[in-house]
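Asker: Generate a structure from the sequence data that follows.
(chains A, B, C and D)
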There are 2 protein chains.
Amino acid sequence: MNASMTDHILKGDRSASCDELFKALSDGTRRALLEYLVREGEQSVHALTAISGVSQPMVSRHLGKLKRASLVTARRAGRETYYSARAKGLAPVVQWMAVYGALWSQRFTALEELDAY
Amino acid sequence: MNASMTDHILKGDRSASCDELFKALSDGTRRALLEYLVREGEQSVHALTAISGVSQPMVSRHLGKLKRASLVTARRAGRETYYSARAKGLAPVVQWMAVYGALWSQRFTALEELDAY
DNA sequence: CCCATCGATAACCCGATGATTATGAACGCG
DNA sequence: CGCGTTCATAATCATCGGGTTATCGATGGG
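Answerer: Below you'll find the model as predicted:
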C-alpha cells in the first residue's frame, strides 16, 4: 500500500504496532485466551489448552502472536510457561481509537490521559 | 473454537460483531481508507482510489468489508457512490476495550459511560 | 536413570483473503 | 443515441493464517 497516505497522523512504527495489535485481536480464539488471562490471571499453557477448545500447539502459536503484539508476557518456571496479560499492550489501539474516535464523536476525551504510555 | 469459553462476559452476537470489527480494522489499507474518511469526510470511490495506492476494485471490496462491519455507510448519487465513516461503528470494540481494559487497569473506567450505545 | 509431562517447532492441509486484470451495468452528457 | 465515467462483480492467482498430528528438547518425579 501507499505509505504516504498514513504518514500524516500515524507516524513511524505506531501504525506497525497497530497493525500487529489489530491482527492479534482479530481472532476469536486469541481474544478468548486474552480475556481468560485478564479475568483469571497468570496461566500455564496447559491450563489454557484445557479451556481453549483447540490443540496445545495452536495455543502456543496463538500465545506467540499475542506475545509478539506485546499483549502478553511469558514466565518460565521449570517445564511450565506461565503467560499473563500485559496491561499496557492495548495502549496503541486505545490511542488510535482516541484519535479517530475523537474526530468521530467527543465521547472519547477521557482516553487522552493515556499519553503517559 | 469452544463457545463456552467466551459466553461468560461477551454474550451472544457481541463477540461476533467484535470479530467482524477487529477483522475489518486488522488491514492497513482498510484502516487508511477509514482514517481518510474520518479526517476528510464523505468521499467517492474514485477519490479514495486515487489516494489508496491499490486498484479500484480492491477499494470497492475494502469498502464493502468496512460497510459490513458497520464502519462506513454508502450514499449513491448518480454514478458515484459516496462513503462516509459511521460514528457508532466502533462502539462494540470500545466496549470490549472498556471491559477488559477496566479489568486490566483502572485507567479505563471513564469508558463505562458508553453503555448508552 | 527412566519415564511421563510440558511446551515449542515442523510438516502439512485447506479455507480465507489481498491483489490483479477483465468485464459488465448504470448513469451523465454532448 | 453513443460514448466516457464510475463503480461493482467475476475469474484468477498467490499468500497468509488457522487447524491438525507428529516430534523433539527440557524438565521433574518416582
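Asker: residues from chain A in reach of DNA strand C?
Answerer: A:1, A:44-46, A:49, A:56-57, A:60-61, A:63-64, A:74, A:79-82 (Cβ under 7 Å from any atom of the strand). C-beta coordinates here come from the backbone N, C-alpha and C atoms, glycine included.
Asker: Contact residues of chain A facing DNA strand D?
Answerer: Checking chain A against DNA strand D by Cβ under 7 Å from any atom of the strand, the hits are A:23, A:26-27, A:29-30, A:54-58, A:61-62, A:65, A:78-79.
Asker: Apply the buried test to these and list what passes.
Answerer: Buried subset of the residues of chain A next to DNA strand D (neighbour count, 16 or more other Cβ atoms under 10 Å in any protein chain shown): A:23, A:26-27, A:29-30, A:54, A:62, A:65.
Asker: and those near chain B, which?
Answerer: Among these, the ones lying near chain B by Cβ under 8 Å from any Cβ of the partner chain are A:23, A:26, A:29, A:54.
Asker: count of residues packed around A:Arg31?
Answerer: For A:Arg31, the neighbour count with other Cβ atoms under 10 Å in any protein chain shown is 25.
Asker: could you say what helices and strands the host helix or strand of it packs with?
Answerer: Using DSSP states H and E, A:Arg31 falls within helix A:28-40. Counting contacts by 3 or more Cβ pairs under 8 Å, 6 or more residues apart in numbering or on different chains; DSSP states H and E, helix A:28-40 packs against helix A:13-25, helix A:45-52, helix A:56-68, strand A:80-85, helix B:13-25, helix B:91-104.
Asker: at 10 Å what do you get?
Answerer: Contacts defined by 3 or more Cβ pairs under 10 Å, 6 or more residues apart in numbering or on different chains; DSSP states H and E place helix A:28-40 against helix A:13-25, strand A:43-44, helix A:45-52, helix A:56-68, strand A:72-77, strand A:80-85, helix B:13-25, helix B:91-104.
Asker: From the contact counts, what lies against the first one?
Answerer: Using 3+ Cβ pairs under 10 Å, 6+ apart, the elements in contact with helix A:13-25 are helix A:28-40, helix A:56-68, helix A:91-104, helix B:13-25, helix B:28-40, helix B:91-104.
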